[in-house]
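Chemist: With the sequence up front, the predicted model follows.
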Amino acid sequence: MKEFIAGNLKNSIAAKEKLFETQSDEIIRLAELIAEIIKNGNKLLIFGNGGSAADAQHMAAEFVNRFMIDRPPLAAIALTTDTSNLTSIGNDFSFEDIFDKQVLALGKKGDLALGISTSGNSPNVIKAIKTAAKKGLHTAVLTGGSGGRLAGMAQTVLNVPSDITPHIQEAHLWVEHLLCWMVDDILFGEGS
């Protein structure tokens with residue numbers, strides 16, 4: 001079991017290191033974009049399925065409440081939390097529409113649609129990113145493996161170069177925390 005744990009830890013660290021080596025500049029640019037979006041009075045719309053849904057909620061809470069410092073709330077909405085919307089849209093239309101309709105209702109030009117999909121092939125995330133782009137929102141995605149279909153759709157793509165789902169998700173959470181930390185530092189500069 002200790003060998004399993006050590007191997008798992010090594011692979012998790014390797015996924016983050018590869019992401020840093022290949023995409024650290026993109027992470028910085030996304031943090032700067034998010035800070036600019038918030039400064040301009042716009043918001044983040046964050047969404048994904050399963051563990052990525054939990055990430056969307058986690059990230060939105062870090063922005064709205066606080067991350068490392070006490071500061072004013074920052075505008076972020078997880079499109080994964082309104083069970084009435086999710087179930088009515090899924091029932092009346094399609095599960096593929098659950099984020100799309102919310103982007104149509106809540107998104108405005110200058111906002112950021114941030115889709116999270118481990119495979120990069122989640123149909124509901126793809127549809128929402130397409131709609132966001134048509135509406136004039138900034139688009140960004142967190143993906144893994146090959147990046148899937150989403151890798152060619154968004155303005156900003158952070159793709160974890162791993163095929164191991166848990167390690168992709170661990171790297172996504174690391175990036176989400178980095179983004180929160182860097183946005184706080186850009187906006188409030190308190191050495192956060």
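Modeler: Great, that's in hand. As the structure is a computational prediction, the values presented were derived from the model and not from experiment.

Chemist: Can you give the strand pairings for the longest strand along the chain, parallel or anti for each?
Modeler: In the chain, taking DSSP state E as the definition, the longest strand is strand 138-144. In the sheet, strand 138-144 lines up against strand 112-116 (parallel), strand 156-160 (parallel) (DSSP bridges).

Chemist: In JSON lines, list these along with mean pLDDT and mean neighbour count.
Modeler: All C-beta spots, glycine's among them, are computed from the backbone N, C-alpha and C. What follows is those, written out as JSON lines (pLDDT from 0 to 100; neighbours: other C-beta atoms under 10 Å):
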{"stretch": "strand 112-116", "mean pLDDT": "98", "mean neighbour count": "30"}
{"stretch": "strand 156-160", "mean pLDDT": "97", "mean neighbour count": "22"}
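
Chemist: can you tell me which residues contact residue 135?
Modeler: If a contact means C-beta atoms under 8 Å, 6 or more residues apart in numbering, then residue 135 has 103, 104, 107, 108, 109 as its contacts.

Chemist: quick revisit: would you mind putting the strands paired with strand 138-144 into JSON lines with distance to residue 3 alongside?
Modeler: As requested, these are arranged in JSON lines below (distance: least, C-beta to C-beta, whole Å):
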{"stretch": "strand 112-116", "distance to residue 3": "31"}
{"stretch": "strand 156-160", "distance to residue 3": "24"}
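
Chemist: Identify whichever of these lies nearest to residue 38.
Modeler: Checking the strands paired with strand 138-144 against residue 38 by C-beta to C-beta gives strand 112-116 as the closest, at 9.2 Å.

Chemist: still on that earlier bit, in ChimeraX, how would I select the buried members of the contacts of residue 135?
Modeler: Buried subset of these, written as a ChimeraX selection, criterion 16 or more other C-beta atoms under 10 Å:
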select :103,107
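
Chemist: ok, residue 42 - contacts?
Modeler: Going by C-beta under 8 Å, 6+ apart, residue 42 touches 75, 108, 110, 111, 112.

Chemist: hmm, back to that, of all the contacts of residue 135, which two lie farthest apart?
Modeler: Using C-beta to C-beta, the two most remote members of those are 104 and 109, lying 12.8 Å apart.

Chemist: Go through the contacts of residue 42 and say which is closest to residue 169.
Modeler: residue 112 (20.8 Å).

Chemist: for the closest one, what are its contacts?
Modeler: 33, 34, 37, 42, 43, 44, 45, 137, 138, 139, 140.

Chemist: And residue 15, by the same measure?
Modeler: Contacts of residue 15 (C-beta under 8 Å, 6+ apart): 160, 161, 162, 164, 167, 168, 170, 171.
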